[in-house]
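Student: have a look; sequence and predicted model below, questions after that.
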Amino acid sequence: MQVEGKVALVTGGAEGLGRAFTEALLEAGAKVCFCDVNTEQGESTYTVLKSKYGSDRVIFQKCDVSNQTEMEGKSLNYLFRCTKETFGNIDIVCNNAGIGGEKPPLWGKVVDVNVKGCICGTLLALDYLSTEKGGSGGVIVNISSAGALNINPYGPVYLATKSAILSLSRSFAQNPLACSGGVRVNVLCPSFAETSLVRNISEQNTYDVNVARKFVEHTPSMSPKDVAEAFMELVVDESKNGAVLKCSKEKGKQYCTINVTYS
Ligand SMILES: NC(=O)C1=CN([C@@H]2O[C@H](COP(=O)(O)OP(=O)(O)OC[C@H]3O[C@@H](n4cnc5c(N)ncnc54)[C@H](O)[C@@H]3O)[C@@H](O)[C@H]2O)C=CC1
Ligand SMILES: CC/C=C\CC(=O)/C=C/C=C\C=C\C=C\[C@@H](O)[C@@H](O)C/C=C\CCC(=O)O
């Protein structure tokens, strides 16, 4: 895909990986609408990006991806509508917003943001992008985790949500909604990257925080820019649909084949 002139929507773009994806898309010439639940950080990032790329190429909207209602203008439904109204079309969608948290009552919110947010964002993206529904095709990149391809005793709920995103994306990639509408669905599985998500692992949100922190410390970390480079490959390469791309500091980019039969 030629990214120049295309329109992208990124969730959770105020900081971390979402901000790096937003910047990589802008750098490649796209127009980007990024959303975040954190208005202060979102506005601050918007100020920086607007002065670098121009106010005609980037917009920020407050949105909580776990808000499934049409109310208050802060839902994903509103975000998609607003992006299309502002830029005329949507070609690229990245469902990135995600949080961690294992203990009650936090884990319910983790499921709502990570799983429901990604399902809702994927369904809306299929609607807006599909050539059968007035769109011009395009690509959805959902953000899972390298952990979804493995296990981690310290983050079972977090990783269950990331496994759900992996299955959702691989399955939708073969679904008629995507296939006949010219939409590719790919999934990125990063290993650890230097962001607030990792820095904020704490007693409050994990069961064995010291072991979890040691696990993180012993795994080399990528910069958000490294992860954005892998993300852009999934956006640009039109031969990839249903691709699962893992990226890590030690091994770089690796496409994964998951072959489990029903019999
Ligand atoms: N940092 C890492 O090591 C890895 C992160 N990931 C995934 O990458 C994604 C981004 O994570 P990071 O950038 O690391 O985290 P982060 O915490 O640095 O950034 C996440 C952004 O999403 C926003 N957000 C949180 N809940 C939201 C909601 N309900 N609606 C809208 N925005 C919301 C936050 O305000 C924040 O700006 C997540 O899905 C995460 O699971 C995957 C693998 C590795
Ligand atoms: C082996 C690489 C695994 C995962 C990369 C990844 O997804 C990194 C996520 C970073 C932070 C996750 C925060 C989750 C917070 C809570 O749910 C904790 O209880 C999780 C505890 C362990 C570390 C996170 C992990 O292994 O994914």
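Tutor: Sure thing, it's come through. Ligands and ions are numbered 1, 2, ... in the order given.

Student: if you count neighbours, what's buried in stretch 42-52?
Tutor: Gly42, Thr45, Tyr46, Leu49 (16 or more other Cβ atoms under 10 Å). Bear in mind the C-beta positions are built from the backbone N, C-alpha and C, glycine included.

Student: scratch that, stretch 194-207
Tutor: For stretch 194-207, burial by neighbour count (16+ other Cβ under 10 Å) applies to Glu194, Thr195, Leu197, Ile201, Asn205, Thr206.

Student: contacts only, for the fourth one.
Tutor: Ile201 is in contact with Gly100, Val209, Ala212, Arg213, Val216, counting by Cβ atoms under 8 Å, 6 or more residues apart in numbering.

Student: just to revisit the earlier point, let me know the closest of the buried residues of stretch 42-52 to ligand 1.
Tutor: Closest to ligand 1 out of the buried residues of stretch 42-52 is Gly42 (7.3 Å), distances taken as Cβ to the nearest ligand atom.

Student: ok, that closest one to Lys62 distance?
Tutor: Using Cβ to Cβ, to the nearest Å, Gly42 is found at 7 Å from Lys62.

Student: what helix or strand is Gln2 on?
Tutor: Element membership of Gln2, judged by DSSP states H and E, is empty: it is in no helix or strand.

Student: where does pLDDT dip in the chain?
Tutor: 70-73 (pLDDT under 70).

Student: how about the helices in it?
Tutor: Across the chain, reading from the start of the chain, the helices by DSSP state H fall at 16-27, 39-53, 76-87, 106-110, 117-129, 156-173, 176-179, 196-199, 209-217, 224-236.

Student: tell me which parts of this protein are close to ligand 2?
Tutor: For the chain, the residues found near ligand 2 under the criterion Cβ under 6 Å from any ligand atom are 100-102, 145-147, 152, 154-155, 158, 191-192, 197-198, 201, 205-206, 212, 216, 219.

Student: go ahead and confirm Asp127 touches Gly138.
Tutor: No - taking contact to mean Cβ atoms under 8 Å, the distance of 11.9 Å between Asp127 and Gly138 leaves them out of contact.

Student: the more surrounded of these two?
Tutor: Gly138 (24 against 18; other Cβ atoms under 10 Å).

Student: winner for burial among the helices of the chain?
Tutor: Most buried of the helices of the chain by mean neighbour count (mean count of other Cβ atoms under 10 Å) is helix 16-27; its value is a mean of 24.

Student: number of nearby residues for Asp112?
Tutor: Summarising burial for Asp112: neighbours were counted as other Cβ under 10 Å, giving 17.

Student: against Val141, how distant is the residue positioned nearest the centre of the chain?
Tutor: Computing the C-alpha centroid of the chain and ranking residues by Cα atoms, centre = their mean puts Asn96 first, at 1.9 Å. In this structure, Asn96 lies at 8 Å from Val141, with Cβ to Cβ as the measure.

Student: not counting residues beside it along the chain, what's closest to the residue of the stretch 1-150 of the chain found nearest ligand 2?
Tutor: Closest approach of the stretch 1-150 of the chain to ligand 2 (Cβ to the nearest ligand atom) occurs at Gly100, with a separation of 2.3 Å. Leaving aside its sequence neighbours, Gly100 sits nearest to Tyr158 (Cβ to Cβ, 6 or more residues apart in numbering; 4.8 Å).

Student: what's the answer for Val183, then?
Tutor: Going by Cβ to Cβ, 6+ apart, Val183 has Leu129 as its nearest residue, at 4.8 Å.

Student: what's the answer for Phe34, then?
Tutor: Leaving aside its chain neighbours, Phe34 sits nearest to Gly13 (2.9 Å; criterion: Cβ to Cβ, 6+ apart).
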